[in-house]
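Trainee: 3D, please:
(one chain, ligands or ions: 1)
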Amino acid sequence: MPAEPTQTAPKSWTIGSLVKWATDDFRARGIESPRLDAELIVAHTLKIDRMRVILDAERPLEGVELAQLRDLVKRRRAYEPIAYLRGEREFYGLKFRVDKRVLVPRPDTETLVDAALARSSHLSMSMRQLDLCTGSGCVAIAMARQRPTAQVFASDISTDALAVARDNALRLGAYNTAFFESDLYAAFAGKRFDVITANPPYIASAEIPTLMPDVRDHEPKLALDGGEDGLVLVRRIVTDATAHLEPGGLLAVEIGAGEAPATVLLLEAGGFVDVRVHRDIARIERVVTGVVG
Ligand SMILES: C[S@@+](CC[C@H](N)C(=O)[O-])C[C@H]1O[C@@H](n2cnc3c(N)ncnc32)[C@H](O)[C@@H]1O
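Mentor: Sure thing, here's the model as predicted:
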């Protein structure tokens with residue numbers, strides 16, 4: 001393995017040689033997309049786009065740039081998600097600020113937004129939505145931006161996550177959102193909504209140690225652990241949903257691979273009708289929706 005880039009030998013490092021060195025290093029550590037990650041780190045540090053990283057491969061790196069790059073490469077070597085390094089992640093066409101206080105928004109979760117939008121398109125302009133387990137606020141904010149006249153309430157049990165979500169809502173101009181600290185529905189006693197969305201933690205506790213180190217060692221445990229069978233929060237969300245939905249209201253819940261059949265049964269037993277399963281871009285059953293009967 002080549003020596004690490006240092007401030008003392010800046011002339012020997014160019015954008016291209018740094019990208020190659022980091023790519024080889026990441027690949028040796030089993031990181032999934034080594035070249036992409038190396039390019040993203042360089043692009044972020046030098047404040048250029050990825051195309052420039054390729055076009056300007058011969059450009060020498062300055063000492064201060066090398067120091068910043070070394071720091072980010074070190075963090076990625078320790079499997080910190082690239083989204084935390086860059087401090088942002090795109091979701092539903094919007095750039096969300098993210099850090100270790102929140103789960104990194106996943107493309108799979110766009111299926112939750114798509115399903116909730118599609119199945120609530122007939123609702124009035126003033127529809128009221130509750131997004132449980134909001135984390136970075138990605139679902140609530142994406143929905144609020146698509147439905148500017150809706151009122152979107154969002155909650156999370158984590159004070160830290162809510163700080164990130166509120167900041168994202170302000171920066172992204174989602175002024176029709178409001179955020180509450182709450183254990184699921186606790187802060188909404190007696191309140192009813194037209195739509196409830198949720199992407200709760202849904203990984204079985206025993207599976208957590210087997211996850212990729214990026215997720216297991218860096219993303220909040222509170223965002224991952226769904227209890228003994230993974231469905232502890234899903235069960236609570238579905239069971240209490242009818243008490244918080246208007247007649248004809250919609251529930252849309254994201255779940256893990258293999259959890260759809262049990263979740264469909266939960267919705268049907270809870271009095272939901274027209275229960276549907278929605279697949280994500282990888283064709284995995286990812287979201288279950290149902291309407292209050
Ligand atoms: C899987 S993350 C989803 C975050 C975000 N909605 C997304 O899709 O990226 C789950 C979130 O649920 C929150 N959470 C965990 N237990 C909770 C509870 N009992 N009540 C409310 N939120 C909870 C966590 O803090 C975390 O932010």
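Trainee: and Q68, what does it touch?
Mentor: T45 (C-beta atoms under 8 Å, 6 or more residues apart in numbering). To be clear about C-beta, it is placed using only N, CA and C from the backbone, and glycine gets the same treatment.
Trainee: so is it in a helix, a strand, or just coil?
Mentor: What DSSP: H, G, I helix; E, B strand; the rest coil gives for Q68 is helix.
Trainee: Look up which helix or strand M143 falls in, please.
Mentor: helix 138-146 (DSSP states H and E).
Trainee: Report the mean per-residue pLDDT for that helix.
Mentor: Taken as a whole, helix 138-146 has a mean pLDDT of 98.
Trainee: Could you do stretch 152-172 as well?
Mentor: 98.
Trainee: Equivalent analysis for stretch 260-268, please.
Mentor: The average pLDDT for stretch 260-268 rounds to 98.
Trainee: how far does that stretch sit from the chain's center?
Mentor: 24 Å (C-alpha atoms, centre = their mean, to the nearest Å).
Trainee: Would you map the helices across the stretch 51-200 of the chain?
Mentor: Secondary structure of the stretch 51-200 of the chain, counting by DSSP state H, counting those that start in this stretch: helices at 63-77, 82-86, 110-119, 138-146, 159-171.
Trainee: hmm, who's touching the fourth one?
Mentor: With contacts defined as C-beta under 8 Å, 6+ apart, helix 138-146 is touched by 91-92, 94, 96, 105, 109-110, 112-113, 116-117, 129, 131, 134, 150, 152-154, 165, 168-169, 172-174, 176-177, 179, 197, 199.
Trainee: Now do the contacts for whatever residue of the chain ends up closest to the ligand.
Mentor: In the chain, no residue comes nearer to the ligand than G135, which is 2.4 Å away by C-beta to the nearest ligand atom. For G135, the contact set (C-beta under 8 Å, 6+ apart) comprises V102, L103, P105, D156, S158, A161, V164, A165, N199, A223.
Trainee: Reformat those as CSV; add distance to the ligand and neighbour count.
Mentor: Formatted as CSV, the contacts of G135 follow (distance: C-beta to the nearest ligand atom, whole Å; neighbours: other C-beta atoms under 10 Å):
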residue, distance to the ligand, neighbour count
V102, 6, 29
L103, 4, 24
P105, 4, 25
D156, 5, 27
S158, 4, 18
A161, 4, 24
V164, 9, 22
A165, 9, 29
N199, 4, 27
A223, 4, 21
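Trainee: Now, these that are in strands?
Mentor: Secondary structure from DSSP state E places D156 of the contacts of G135 in strands.
Trainee: Nearest to L250 among the contacts of G135?
Mentor: Each of those was checked against L250 using C-beta to C-beta; the closest is N199, at 15.1 Å.
Trainee: separation between the residue of the chain closest to the ligand and R106?
Mentor: For G135, the distance to R106 (C-beta to C-beta, to the nearest Å) stands at 11 Å.
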